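**Student:** Compute the structure for the input listed below.
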Amino acid sequence: MEMGGKFCVMCGKEDVKLIGRLCPSCYVKSREMVRVPRSMSITVCRICGSRKLKGKWVAPRGDISSSLEEEIISALELDEHVQEYHVDVGQMWSDTHGNSHFPLRISGSVEGERFDETKDVTVKVESTLCDSCVKRRGKYYEAIIQLRSREGNLGLDEKRFFESFFSREDAENLSDVVELREGVDYYFINRTVAKRLVAKFASEVKVEMKESYQRERIKRGKRDAKLVISLRL
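**Tutor:** Sure, this is the predicted structure:
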């Protein structure tokens, strides 16, 4: 900031604070205080709603509209002299090409001078299948939890009791559930998720547990097999 003996080259005001060679009033009128991308592209799983961010799939947080609002606001670039600001996101609307639009109103101040800018961000949404849903559709699995009863046939109450230990991650990791006469087989996409669930269950419930492997093979020089965890209640 400069002051004293200087004047604004735009309006001629003297003895005022200057930003460069402009007074704050002329500065906010002649500059873009907030920059946002004109358009953004996102990839969304059409089944589970997960988003692809930086090459990785992440679980959805709320609906797609609120998630997009967060991403757009995080992409704002403020002029270095902006001291405070507020963002209002208008109602999302779609054009004839199927693109979504988010109108923004950003207000704030620079050295006491208020500014008010409106923006429109076009969001192109690409729908596809995330890695987990592709595997789930193909019934891919790395581990099976075989739930059985010591008494013979597994009862509905025992099945529900075991499933009460499922977290959201556990449930979303299932690629298949097969009901058999002797019990239930749960197919998990990720072996670590299955083992963590079993450890949690076994820490609170007295259960007979046995691990084995099936469909063993050599894949890319490494031994690969499906983990089978047998649980007897």
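**Student:** where do the strands sit along the protein?
**Tutor:** Here the chain has its strands, by DSSP state E, at 34-35, 39-45, 51-53, 56-58, 77-78, 84-89, 93-94, 100-110, 113-128, 143-148, 174-179, 183-188, 208-219, 222-232.
**Student:** Can I get the ones you listed in CSV including mean pLDDT?
**Tutor:** What follows is these, written out as CSV (pLDDT from 0 to 100):
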stretch, mean pLDDT
strand 34-35, 94
strand 39-45, 85
strand 51-53, 82
strand 56-58, 84
strand 77-78, 94
strand 84-89, 92
strand 93-94, 86
strand 100-110, 92
strand 113-128, 89
strand 143-148, 94
strand 174-179, 89
strand 183-188, 92
strand 208-219, 80
strand 222-232, 85
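**Student:** Not counting its neighbours along the chain, what's nearest the residue nearest the centre of the chain?
**Tutor:** The residue lying closest to the centre of the chain (CA atoms, centre = their mean) is V58, at 3.9 Å. Leaving aside its sequence neighbours, V58 sits nearest to R51 (CB to CB, 6 or more residues apart in numbering; 5.5 Å). For every residue, glycine as well, the C-beta is placed using N, CA and C.
**Student:** Write down the beta-bridge partners of the one you found, one by one.
**Tutor:** Here R51 sits in beta bridges with V44, V58, going by DSSP bridges.
**Student:** Neighbours of it, how many?
**Tutor:** 19 (other CB atoms under 10 Å).
**Student:** repeat for E69
**Tutor:** By other CB under 10 Å, 18 other residues sit near E69.
**Student:** pretty sure it is touching V89, no?
**Tutor:** Yes - between E69 and V89 there is a contact at 5.0 Å, judged by CB atoms under 8 Å.
**Student:** residues contacting E208?
**Tutor:** R150, S230, L231, R232 (CB atoms under 8 Å, 6 or more residues apart in numbering).
**Student:** From T128, how far off is L233?
**Tutor:** With distances taken as CB to CB, to the nearest Å, L233 is found 40 Å from T128.
**Student:** ok, the two, which is more surrounded?
**Tutor:** Counting neighbours by other CB under 10 Å for L233 and for T128 shows that L233 has the greater number, 19 against 12.
**Student:** can I assume that one is in contact with F201?
**Tutor:** No - the criterion here is CB under 8 Å, and L233 misses it with F201 at 9.7 Å.
**Student:** intersection of neighbour lists for these two?
**Tutor:** F162, V207.
**Student:** need the contact list for L233.
**Tutor:** L147, R148, S149, R150, L154, E158, F161, F162, V205, V207.
**Student:** what about the fourth one, neighbour count?
**Tutor:** By that I understand R150. R150 has 9 nearby residues by other CB under 10 Å.
**Student:** How many residues are close by A143?
**Tutor:** Burial measure for A143: 23 neighbouring residues, criterion other CB under 10 Å.
**Student:** ok, now S100?
**Tutor:** Here the number of neighbours of S100 (other CB under 10 Å) works out to 18.
**Student:** correct me, but it touches V125?
**Tutor:** Yes - assessed by CB under 8 Å, S100 is found in contact with V125 at 6.4 Å.
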